[in-house]
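J.: Whatever this is, show me its structure:
(2 chains)
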Amino acid sequence: MNRNIRRLAVVFVVVFGLISLDLVYWQVIDAGNLNSDPRNVLLLEKNERVLRGRIFDRNGITLVGRRVHPDGFVQPVYGDPSLAQTIGYHTFFRFGAVGLESSLNPYLSGKTGTSLQQTYASWLHRPVLGDDVYLTIDDRVQRAAVTAIQTELAANGLAADTPSAAIALNPQNGQVLAMVSKPYFDPTCIGGQFFVGRCVRNIEAIPGHAFVNRVTNGLYPPGSTFKTLTLSAAIDTGIQSLSSQYRGTAATGPFVVDGYTIPNTANNLPPGTTSADLLHAFMWSDNIVFAQVGLKLGRSRFIDYAHRFMLGHRIPFDLPVSVSGVLTPGERFDPVALATSAFGQGNDHVTPLQMALIASTIADGGRMPRPILVKSIKTPSGSVVGGDTSGTLANPINGGTASQVRHAMVEVVNGYYGSGFEAKIPGVTVAGKTGTAQTGNSAPDAWFISFAPAQHPTVAVAVVVEGGGEGAFVASPIARQIMQAALQYGE
Amino acid sequence: MISGLRPYRPRVLELSSIIMALVLVGAAFALLAGAETGRIGTSTMLRLAVYGLAALATSLLLSRLLPGADQLLYPLVVLLGGVGLVEITRLSPSLGDRQLLWLIVGDAVLLLTAVWPRNVGWLRLYKYTWAFIGFALIAITIVHGADIGNSGYRRWIGFHGLYLQPVEFLKIFMVIFFAAYLDEKRELLAGGRLVLAGIRLPPFQYLIPLLVMWGLSLLLLVRQDDLGSALLFLGIFLAMLYVGTSRAIYPVLGGVLFAMGAVGAYFVFSHVRLRTDVWLNPWGYATTGGYQLIQGLYAFAAGGIAGQGLGLGNPNLVPVASTDFIWSALGEELGLAGLAALLLVYLLLIFRGLDIAVTARDGFQKLLAAGLVSVFAIQTIVIIGGNTRLMPLTGVPLPFLSYGGSSIVANFAILGLLLKVSREAGREP
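T.: Next comes the predicted model:
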């Protein structure tokens, strides 16, 4: 009987061994999976106790604060809703995070630093401290942009919720000063909340897709603002100069390409004018002339310059950016497409960010700056751990070309019958280009790109108002007010 | 007897081991207090003092009542009970205080067992009485029992506000009965002339207890949805049958019969089917039947190797953590390291218990000790295996660690019987 008892002991040891192996499986081998399982409430508990980093504007104004509840639950507090798509929101559950709250999450949630302090804190089960982020955004310029859009929409008889987008950045260092995408939303009812379904449905019910960041993800035909790129290419290749002459029907149209007629209503010339050099064709935004410039450049050079200006490339940014371009996959880039693309129609599709970067390139002597939103990232102890990624994206044209295009853009705003007259700022020379983009809808999109002061630009702007009509009347005054704010508050 | 004329021998090994166990329990209490309030308050000191003094007093009385009995079993139980007490206090201080009360009652029951019955051999004389009491308890429970927690099953007997889980006591009566029965009939059971399908069987009438046990297990499974107790009873019975008859065919046959019955129950009874489905695919029932199990697994994972630290995890997120899921709670806060240590304590307890069985004075006592140790071992395996998804989850208490008055009292009675067997073997430490 004793032998049987010993065998029973062996059986128990074997089963205990199996239990131990099972524990090793759950606590070591599969622990990583279980710990990161989004359904895991413990994960939620852990995340909601992270003292998540705050987000400030460039001057230390709080854009996202935090509220610590007595039970240790930490909730983000969102401020300016006009930054809703840019900053995004952070949730604890399956809605995850979007915008900067997503792209900067490793910093904000304190997951980057392997600093001694963080390790120490985790051993002692202290709350994890996230890093604070300082944006390049100037809250004053941001508010000025919001006010400008509201004011001009009302002044032009447009609905207050008209979808529109505006971005201002410093062409010298690529720092984005303001970014507005209308309609926007109040992230308070999503960020840091548990039950967001109703809030999300309410936001989705706002006409015009409030969740979309139009500055980075809205793809629009650029209209005549794109002539800036065509003019740059024509001068940079040397096939045209500002004084190249277009007379008679070459200036007035109609112009026929491959059986497709561009009517003389598209010449935009002042009444009685029947000829123009390239400078005036740009000032007055003559589509007939630019169709011919496009054809003279030819398919490959036009596409080459589009690529030099980063069209067809993914622009590195702190937010995901849709790729702008002149080609649509699957469609032939025939002479008709080339001629119409040259004045910003055809297959052209661009983001407001892309157009702001084209303006910045002219402003900064042919150098395209890398756009940045983050000025610095600071640990709770105050040391800077990241941020400033400023640099050069591309050098599409030489300085001489840039200064000639700048001259043309100054004339757009200041010259006789110039289409951008509404952008004039007293005491400051402004350079700009209007655009009125046909979209197939009843009213065209209104565009304006500009920079100021023309000789030493510190701000470049792109504005688009969907269905806003003539760019000269809605978009350029918005750009003017944004530039005024940026110049007033600039360093 | 307490006035006893027996020679007094201090149980030095036991006392020093208890003190070591109390140091560990005290450290756990201190860590818990530190994590919760940042300081060690009077309530913590009071709990530790009450628990420690009760254990030391019990040991001193044991040296009078059961001189020469094993000196290692009780300290191991003090350690297990203390760790459970800390974790239950952490989950719910009021529940912890009640558990402390039950542990003291357990000590008293241990001492009572030491006094009565006078000798273990007396128990075998009334084997059918014990069996009858056991079945009567179950019958009363099924017919007149209370359904606590709205499980849909009557598993408790109410008595003036005090609720007992008869199943916890039934296991002791059954072990005594089988030890006596097997010791008497083991020659017959081991031999036998009847051959059926190549298996040599004893005369049919001696197989009746086997069939009755099989029936009881399935009854518990189906009528009470108590798979844990079913497995426990069957496991104990088969282990004892093997120890008594040396015939491995009995546990195999019994296991196969139970498996067949269980498979049948799966198809016939929806609650058995649900339980099994949840076991096989808990994530398919993540918000219903599988919720508890999955939260338990998350707790294990959160604990990792070193654990979150006592008082620093979130074990309350697992429903009924203090009873069925105390092992998950401990896994989260003490980690794999802590659980491995506790498993070793259980193994020590089991080995020491089986050692007592080996050295026991006669066949009845060997079977009794082996059966009682099997109760601890199988119960531990069934609940831990259920927590770790090794087998379907069943609600049996983890011996000495889980919250529960009936379980604590019954386990201390088992401890008392084991100590008695060790003493009658004339063991010296």
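J.: When you work out contacts or count neighbours from here on, use the C-alpha atoms and nothing else.
T.: Noted.
J.: tell me which parts of the stretch 151-300 of chain B are close to chain A?
T.: Taking Cα under 8 Å from any Cα of the partner chain, the part of the stretch 151-300 of chain B that reaches chain A is made up of B:239, B:242-246, B:295, B:297-300.
J.: Grab the longest helix from chain B for me.
T.: Longest helix of chain B, by residue count under DSSP state H: helix B:326-359.
J.: Return the list of helices and strands in contact with that helix.
T.: Packing contacts for helix B:326-359, counted by 3 or more Cα pairs under 8 Å, 6 or more residues apart in numbering or on different chains; DSSP states H and E, involve helix A:2-24, helix B:73-91, helix B:291-303, helix B:363-387, helix B:405-424.
J.: Out of the ones you listed, name the one with the poorest average pLDDT.
T.: Ranked by mean pLDDT, these end with helix B:291-303 at the bottom, a mean of 89.
J.: could I get it in PDB with only the CA atoms?
T.: Taking C-alpha atoms only, helix B:291-303 is exported to PDB below (Å, rounded to 0.1, in the frame of the first residue of the first chain):
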ATOM      1  CA  TYR B 291     -16.200  37.300 -18.300                       C
ATOM      2  CA  GLN B 292     -14.900  36.100 -15.000                       C
ATOM      3  CA  LEU B 293     -12.400  33.700 -16.400                       C
ATOM      4  CA  ILE B 294     -11.000  36.200 -18.900                       C
ATOM      5  CA  GLN B 295     -10.700  38.900 -16.200                       C
ATOM      6  CA  GLY B 296      -8.800  36.300 -14.200                       C
ATOM      7  CA  LEU B 297      -6.400  35.600 -17.100                       C
ATOM      8  CA  TYR B 298      -5.800  39.300 -17.500                       C
ATOM      9  CA  ALA B 299      -5.000  39.400 -13.800                       C
ATOM     10  CA  PHE B 300      -2.400  36.600 -14.200                       C
ATOM     11  CA  ALA B 301      -0.900  38.500 -17.200                       C
ATOM     12  CA  ALA B 302      -0.800  41.800 -15.300                       C
ATOM     13  CA  GLY B 303       1.000  40.000 -12.500                       C
END
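J.: and the angle for it with helix A:2-24?
T.: 80 degrees (axes from the mean of the first three to the mean of the last three Cα atoms, to 10 degrees).
J.: And for helix B:291-303, what's in contact with it?
T.: For helix B:291-303, contacts defined as Cα atoms under 8 Å, 6 or more residues apart in numbering or on different chains pick out A:23, A:26-28, A:30-32, A:34-35, A:40-42, B:282-283, B:285-286, B:308, B:313-315, B:317-319, B:325, B:328-329, B:331-336, B:387-389, B:393.
J.: So which bits of stretch A:100-110 are buried?
T.: A:100-105, A:107-110 (16 or more other Cα atoms under 10 Å in any protein chain shown).
J.: Could you count how many residues lie near residue 408?
T.: Reading this off chain A. 25 (other Cα atoms under 10 Å in any protein chain shown).
J.: Chain B, not that one
T.: Residue B:408 - counted by other Cα under 10 Å - has 27 other residues nearby.
J.: List the contacts of it.
T.: With contacts defined as Cα under 8 Å, 6+ apart, residue B:408 is in contact with B:102-103, B:106, B:399-400.
J.: how much space is there between it and chain A?
T.: Relative to chain A, residue B:408 is positioned 22 Å away (Cα to the nearest Cα, to the nearest Å).
J.: and the gap between that residue and residue A:395?
T.: Applying Cα to Cα, to the nearest Å, the value for residue B:408 to residue A:395 is 80 Å.
J.: Check residue A:349 too.
T.: Residue A:349 is 21 Å from residue A:395, by Cα to Cα.
J.: Looking at those two, which one has more neighbours?
T.: Neighbour tally, residue A:349 and residue A:395, criterion other Cα under 10 Å: the higher count belongs to residue A:349, 22 against 16.
J.: shouldn't that one be in contact with residue A:325?
T.: Yes: counting by Cα atoms under 8 Å, residue A:349 sits close enough to residue A:325 to count as a contact (5.5 Å).
J.: Which helix or strand in chain A has the lowest average pLDDT?
T.: Using mean pLDDT, DSSP states H and E, helix A:116-123 stands out as the lowest-scoring helix or strand of chain A, at a mean of 64.
J.: Following the chain past that helix, name the next helix or strand.
T.: Using DSSP states H and E, the helix or strand that follows helix A:116-123 in sequence is strand A:132-135.
J.: Now tell me what touches that following strand from outside.
T.: Contact partners of strand A:132-135, identified using Cα under 8 Å, 6+ apart, comprise A:53-58, A:60, A:107-108, A:373-380, A:387.
J.: Derive a ChimeraX selection command for the buried subset of those.
T.: Command for ChimeraX that selects the buried part of these, burial taken from 16+ other Cα under 10 Å:
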select /A:53,54,55,56,57,58,107,108,373,374,375,376,377,378,379,387
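J.: Just the ones of the contacts of strand A:132-135 in strands?
T.: Using DSSP state E, the subset of those located in strands is A:55-56, A:374-378, A:387.
J.: Tell me how many other residues surround residue A:316.
T.: So residue A:316, with other Cα under 10 Å, has 12 neighbours.
J.: That one is in contact with residue A:370, isn't it?
T.: Yes: between residue A:316 and residue A:370 there is a contact at 7.4 Å, judged by Cα under 8 Å.
J.: Which helix or strand lies directly C-terminal to the helix or strand encompassing residue B:105?
T.: Assigning secondary structure by DSSP H and E places residue B:105 in helix B:93-115. Sequence order places helix B:127-144 as the next helix or strand after helix B:93-115, per DSSP H and E.
J.: Which elements pack onto that next one?
T.: Counting contacts by 3+ Cα pairs under 8 Å, 6+ apart, helix B:127-144 is packed against strand B:157-159, helix B:166-190.
J.: looking at these, which is buried most?
T.: Most buried of the helices and strands packed on helix B:127-144 by mean neighbour count (mean count of other Cα atoms under 10 Å in any protein chain shown) is helix B:166-190; its value is a mean of 21.
J.: Give me the angle between it and helix B:405-424.
T.: 40 degrees.
J.: Could you list every helix and strand in contact with helix B:166-190?
T.: helix B:127-144, helix B:204-223, helix B:227-245, helix B:363-387, helix B:405-424.
J.: Repeat the analysis, applying 6 Å as the threshold.
T.: For helix B:166-190, the packing partners by 3 or more Cα pairs under 6 Å, 6 or more residues apart in numbering or on different chains; DSSP states H and E come out as helix B:127-144, helix B:363-387.
J.: what's the most buried one of these?
T.: Ranked by mean neighbour count, the helices and strands packed on helix B:166-190 are led by helix B:363-387 with a mean of 26 (mean count of other Cα under 10 Å).
J.: what angle separates that one from helix B:405-424?
T.: Using the same axes, to 10 degrees, helix B:363-387 lies at 140 degrees relative to helix B:405-424.
J.: distance between stretch A:77-96 and the chain's centre?
T.: When distances are taken as Cα atoms, centre = their mean, to the nearest Å, stretch A:77-96 is centred 16 Å away from the chain's centroid.
J.: Equivalent analysis for stretch A:216-231, please.
T.: That offset, for stretch A:216-231, works out to 14 Å (Cα atoms, centre = their mean).
J.: Check stretch B:322-341 too.
T.: Worked out by Cα atoms, centre = their mean, stretch B:322-341 lies 17 Å from the chain centre.
J.: which residues are in contact with it?
T.: The contact list for stretch B:322-341, computed with Cα atoms under 6 Å, 6 or more residues apart in numbering or on different chains, reads B:88, B:296, B:299-300, B:302-310, B:313, B:315, B:395, B:402-403.
J.: if you set the cut-off to 7 Å instead, what comes out?
T.: A:23, A:27, B:88, B:91, B:296, B:299-300, B:302-310, B:312-313, B:315, B:321, B:384, B:387, B:395-397, B:402-403 (Cα atoms under 7 Å, 6 or more residues apart in numbering or on different chains).
J.: what do you get for stretch A:213-223?
T.: Contacts of stretch A:213-223 (Cα under 7 Å, 6+ apart): A:85-86, A:165-167, A:181, A:321-322, A:324, A:343-345, A:348-353, A:435-437.
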